[in-house]
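>>> I'd like to go over a predicted model; first the sequence, then the structure.
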Amino acid sequence: MRIRTDRWLQEIYRTMNFRFFDGRLQLPAIRVTFASAKEMGKCDGMFVRSKGEIKIHKDFAKHESMCVITLLHEMCHLAIHENGYMGADPTDDHYMLFYNEIARLWRLGAYETILIIPLILTLLLFKGIC
């Protein structure tokens, strides 16, 4: 099992930015890193507006798919923030525009290779086909 690094995470951010956000998200101003359980609390990932950071729980460094899914989630928060929308409820960042952004990524196929291919391979391996 390969453990991913902050450098790898930053490169995935850059790739996803150009592929699914037309390169409009901040580069290289946004810092993308793995963070300790203490820093993350109960969160898998977080976009820290005040610091211009996206943090992913360090336990996900062992799970590429979870890293990418969580990173895309946080990039949706960033995209909405960069468009100037702050949300009606300051205690909840999961509002209609956020879900619309997730749906946009789904329609673009962002989750297909992350979720579908590993699932198919797992099923094939489980059945002894591969």
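Arrived safely, thanks for sending.

>>> mind listing the helices for this structure?
6-20, 37-40, 64-82, 96-108, 117-126 (DSSP state H).

>>> What mean pLDDT does the first one get?
The average pLDDT within helix 6-20 is 91.

>>> and if you look at the shortest one?
Average pLDDT, helix 37-40: 92.

>>> Enumerate the positions of it that are buried.
If you call a residue buried by 16 or more other Cβ atoms under 10 Å, then helix 37-40 has these buried ones: residue 40. The way it works is simple: take the backbone N, C-alpha and C, and place the C-beta from them, glycine included.

>>> how about it as CSV, C-alpha atoms only?
Extracted as CSV, the C-alpha positions of helix 37-40 are listed here (Å, rounded to 0.1, in the frame of the first residue of the first chain):
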residue,chain,number,x,y,z
ALA,A,37,-6.4,13.7,13.5
LYS,A,38,-6.1,16.4,16.1
GLU,A,39,-6.2,19.2,13.5
MET,A,40,-9.1,17.6,11.7
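
>>> Point out the other helices and strands that it packs with.
Applying 3 or more Cβ pairs under 8 Å, 6 or more residues apart in numbering; DSSP states H and E, one finds that helix 37-40 makes contact with strand 53-57.
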